[in-house]
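Engineer: Give me a 3D structure for the following:
(one chain, ligands or ions: 3)
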Amino acid sequence: MVRKILLINTVLLIALITFGCDSATQQETESKPNPVLLISIDGFMNEYIDRNDTPNFDHFLAEGVQAEYLIPAFPTKTFPTHWTIATGLHTENHGIIANSFYDYELESRFSFGPPDDSPNDERWWGGEPIWITAETQGLTSATFFWPGSEASINGVQSTKWVDYDGSVPDSTRIDSVMTWMNPEGDVRADFGTLYFSFVDSRGHAYGPNSAEVDQAVIEMDGLLGYLLNSIDENNLGNRINIILTSDHGMAELSDEKIIFLDEMINLDDVDIIDWTPVALIKPHDGKTDEIYNAIKENEEHYRVYLRDELPDRFRFRNHYRIPEIIMIADIGYTITSRPFYEQRGINAATHGYDNLEPEMLTFFAAMGPEFKSGERVSEFESVHIYELMAHLLNLNPAPNDGNFDEVQMLLRRD
Ligand code: AMP
Ligand code: ZN
Ligand code: ZN
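Structural biologist: Residues are numbered from 1 along each chain as shown. Ligands and ions are numbered 1, 2, ... in the order given. This next block holds a predicted model:
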């Protein structure tokens, strides 16, 4: 008898706990914004979809909204551009001025290749990325790669983040983020990132118009299909807002288009912070005029500026890491030195040029309950994506250079 009462009580207790939990989960889900997934396909151009058979991209664009194109940050290199997307800051305000650069205050070089771990060091990264805005306002973030996601910002990190390892299979990245974003899972992340690099790598090695890039685009289309399936399997269908974008385009290089800096100036008179296609040149004391004049005299197939005369639109003047002379190669040109070129040659293609060069423009599309469906809208600058994400996640944006009005046209009106 006693055992029977105990059993009934236990059943009641379990029912109560289960019921209690269910309603708590329901309440939590109801008060939370729809989750946002930000995806970067490095070095992806609009024309890649137009010239290939890409049923999953086609589906995404039919269901979602596509911008005519996206204007990346300057210089159009992976680290500066991704950090602008994440923070809503122009390069001069976030300080990631190149993929690799020297900082004379920190007396140290920022660089992402192994064994360098500077990306994990908070001191390099100016501004507040959206995943930190989310974490500090009570939401949960899960990043499976994004430049800058390995560093803490003001001591805070995403609930889930991973040290960069390019060998992690792309499907594993998707599986992990989907598990973390599943609203019935353990993490229930509100914000996630994914990053894929193989289209960019193939672009550098074979050029944007190669069969190898086409093959990579078809592989990427397969991965997108895999992701869309996984979204349904993880209870996120109809709820998740997906931003599918990229950091820059890709331009073919040529051995006929080489600018030898060592034939214009004495390299002993300068430090070169970064070489090509935007050379960041720091002349030694008292040498600025001489170096600038020597490069200016030969100005062909590039433009050279004193930092303080660089046109405003680059948003690339106002940071102590930016040196006095900036040289921007014309599209397809390489800035190098003869010994380096003779030893190493050049890639088939690269990026980093003026962010308004047509070849540097890139891809932006979005799909989900908040986005327009089956529409194409005008181009915009990537600096506004932070404001868009803050809006979707109901967050107070940190101070930034973006403007929500510039991206509102992506959203449904109701
Ligand atoms: P880029 O040289 O500008 O084409 O940069 C592309 C490369 O950046 C990729 O192939 C990756 O090797 C590297 N990369 C991308 N994200 C990260 C990251 N979070 N940490 C370290 N390296 C990265
Ligand atoms: Zn890139
Ligand atoms: Zn690249």
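Engineer: Provide the secondary structure category for the residue in the chain that ligand 3 sits nearest to.
Structural biologist: The minimum distance from the chain to ligand 3, using CB to the ion, falls at Asp200 (4.1 Å). The way it works is simple: take the backbone N, C-alpha and C, and place the C-beta from them, glycine included. For Asp200, the assignment made with DSSP: H, G, I helix; E, B strand; the rest coil gives helix.
Engineer: Let me see the contact set for the residue nearest to Leu267 when sequence neighbours are not counted.
Structural biologist: Closest residue to Leu267 apart from its sequence neighbours, by CB to CB, 6 or more residues apart in numbering: Ser337 at 6.6 Å. Counting by CB atoms under 8 Å, 6 or more residues apart in numbering, Ser337 makes contact with Phe260, Leu261, Asp262, Leu267.
Engineer: So the third one sits against Arg338, correct?
Structural biologist: Yes. With contact defined as CB atoms under 8 Å, Asp262 and Arg338 form a contacting pair (5.9 Å).
Engineer: element containing the nearest residue to His319 once chain neighbours are set aside, please.
Structural biologist: In space, His319 comes closest to Glu92 once its chain neighbours are excluded; the distance is 4.6 Å by CB to CB, 6+ apart. Counting by DSSP states H and E, the element that carries Glu92 is helix 91-94.
Engineer: if you look at that helix, does any of it touch ligand 1?
Structural biologist: No. Helix 91-94 lies out of reach of ligand 1 by CB under 6 Å from any ligand atom, never closer than 13.8 Å.
Engineer: any idea of the pLDDT on the residue nearest to His319?
Structural biologist: pLDDT, Glu92: 98.
Engineer: ok, how many other residues are close to it?
Structural biologist: Residues within reach of Glu92, counting by other CB atoms under 10 Å, total 21.
Engineer: same deal with the one 3 residues further on?
Structural biologist: Residues lying near Gly95 (other CB under 10 Å) number 21.
Engineer: show me the contacts for it.
Structural biologist: Counting by CB under 8 Å, 6+ apart, Gly95 touches Trp124, Trp125, Gly126, His319, Arg321.
Engineer: What helix or strand is Tyr195 located in?
Structural biologist: With DSSP H and E as the criterion, the answer for Tyr195 is strand 191-196.
Engineer: Okay, now the sheet partners of that strand, with direction.
Structural biologist: Neighbouring strands of strand 191-196 in its sheet, by DSSP bridges, are strand 36-41 (parallel), strand 141-144 (parallel).
Engineer: List, one by one, the residues from the chain near ligand 3.
Structural biologist: Gly43, Asp200 (CB under 5 Å from the ion).
Engineer: Point to the residue nearest the middle of the chain.
Structural biologist: Central residue check for the chain by CA atoms, centre = their mean: the C-alpha nearest the mean position is that of His82, 2.7 Å away.
Engineer: Tell me how many other residues surround the closest residue to that one other than its chain neighbours.
Structural biologist: Take His82 and drop its neighbours on the chain: the residue closest to it by CB to CB, 6+ apart is Pro147, 4.2 Å away. For Pro147, the neighbour count with other CB under 10 Å is 26.
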